[in-house]
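# Requesting a structural model of the entry that follows:
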Amino acid sequence: MIELLAPAGDLEKLKYALIYGADAVYIGGNEFSLRARASNFTIETIKEGVKFAHQLGKKVYVTTNIIPHEEDILGLVEYLKALEEANVDAIICASPLIIKTAIKHTNLEIHLSTQQSAINNHALLFWKDYGVKRVVLGRELTLDEINQLSKDLLDIEVFIHGGMCMSFSGRCSLSNTLTNRDANRGGCAHSCRWQYLLYNNCKLISEEYFSMSSKDLMAIKAVPKLIDIGVKSLKVEGRMKSLHYIATVIKTYRMLIDEYLTTGKIKDTTFYEDEIYKAENRLTDLGYFDGNIGPDKQLYEFLGERPNQAFIGLVEDYNLETMVAKIEQRNYFKIGDTIEVFSPNEPNKTFVLDNMLNEDLEEIEVARHAKQIVYIKLPFNVSKYSMLRKVL
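Next up, the predicted model:
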């Protein structure tokens, strides 16, 4: 069975990712993890997340994927043992040191990070012999190249959505050089996305700014082929992304995967692309999957897109008798706005907001305060964990 694997930067995102259709999540602890600026998990919140996931029959993987310097090694054995005690389902590693340490001192399942650029059968065989159970392939492979890899050696995981590093499999030193923040120890400053001017011998060549980043990956059209190939896990990137982004992207791929597994085909990929763009704020492309790598896949001119719908609130509770929803506000909205309700297991529904009460049950026209509680009577039923978007 194919696995849909979601990112989770904190406990709330972990829960929403699983509720909105992920089969597993990957998270980062406070130690030995890339994305050091994400809202990473303590051992206690890892335990809570694992308990929540396992109650749903789902899994939690923990990233221990830094490339450690000598000073980073202290406490590694104790941390890995704590993860084992927390009952995590696997750890994701890039360093042979961390892999060997985990194998020697724990029974943790090992997944190899994309940082190791495993892109051929020799690499897969090497890491299998090393003790790895699953390999996250380097992102520089076409669908045909992935198809040529042996699925009998070990489980294969492939990125299908999210940011693409401009360097080979994420091994970049731009951030180190320009900001003294080590990308391979969790400190990436996304320097490739900055705006630059081009000089030659201190002479300005062009006044046009450029960047060096690529478009984000969106593999909706490649998912059926990846399933047919026998890939074990389809992975979404984005532990620093918003709750709304994660829920939108995960539900969209969940629907896509389920449609293909049920019918053997995808009737309309445009529907899924439109759903993704309700949360995506960067231009997207198929990446390396189609084999057509060129300037059109890059963001040289720092182009981007704004989401066409704004995330405005979470449904915290709903009264079936009164049809009143308790909403935690996340962005500004007001009476008269057209609002879309987005739920884990129901089609999207739209209504025009014509009533709103504050926490003191006083009528208000505008919800403008961060995380304020408001009450709205809806023209249809909703479930807890639903989200509200303002249709722009």
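
# Going by residue numbers, what spans are strands in the stretch 251-392 of the chain?
Using DSSP state E, counting those that start in this stretch, the strands of the stretch 251-392 of the chain run over 284-285, 309-319, 324-329, 333-334, 338-342, 349-352, 366-367, 373-377, 387-391.

# Out of those, which one sits most buried?
Ranked by mean neighbour count under mean count of other C-beta atoms under 10 Å, these are led by strand 387-391, which reaches a mean of 22. (Glycine included, C-beta is placed from N, CA and C.)

# re the thing from before, please produce TSV containing the strands of the stretch 251-392 of the chain, extended by distance to Asp72 and mean pLDDT.
Putting these into TSV (distance: least, C-beta to C-beta, whole Å; pLDDT from 0 to 100) gives the following:
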stretch	distance to Asp72	mean pLDDT
strand 284-285	34	89
strand 309-319	36	92
strand 324-329	38	97
strand 333-334	45	96
strand 338-342	41	96
strand 349-352	49	97
strand 366-367	45	96
strand 373-377	43	97
strand 387-391	38	95
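
# where are the low-confidence patches of this protein?
Counting by pLDDT under 70, the chain shows low-confidence ranges at 33-39, 168-171, 182-187, 301-309.

# tell me the domain boundaries of it?
According to automatic domain parsing, the chain comprises the domains 3-174+215-295, 309-391.

# Of all these, which one is nearest Tyr209?
domain 3-174+215-295 (16.1 Å; C-beta to C-beta).

# circling back to that earlier point, tabulate the strands of the stretch 251-392 of the chain (TSV), appending distance to Asn358.
Written out in TSV, the entries for those read as follows (distance: least, C-beta to C-beta, whole Å):
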stretch	distance to Asn358
strand 284-285	39
strand 309-319	13
strand 324-329	10
strand 333-334	13
strand 338-342	17
strand 349-352	20
strand 366-367	8
strand 373-377	6
strand 387-391	16
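
# Of those, which is nearest Thr248?
strand 338-342 (7.1 Å).

# Tell me the strands beside that closest one, with direction?
Applying DSSP bridges, strand 338-342 is found paired with strand 349-352 (antiparallel), strand 387-391 (antiparallel).

# of all these, which lies closest to Glu12?
Proximity to Glu12 (C-beta to C-beta) singles out strand 387-391 among the strands paired with strand 338-342, at 12.4 Å.

# what angle do that closest one and strand 324-329 make?
Taking axes from the mean of the first three to the mean of the last three C-alpha atoms, to 10 degrees, one finds that strand 387-391 is oriented at 70 degrees with respect to strand 324-329.
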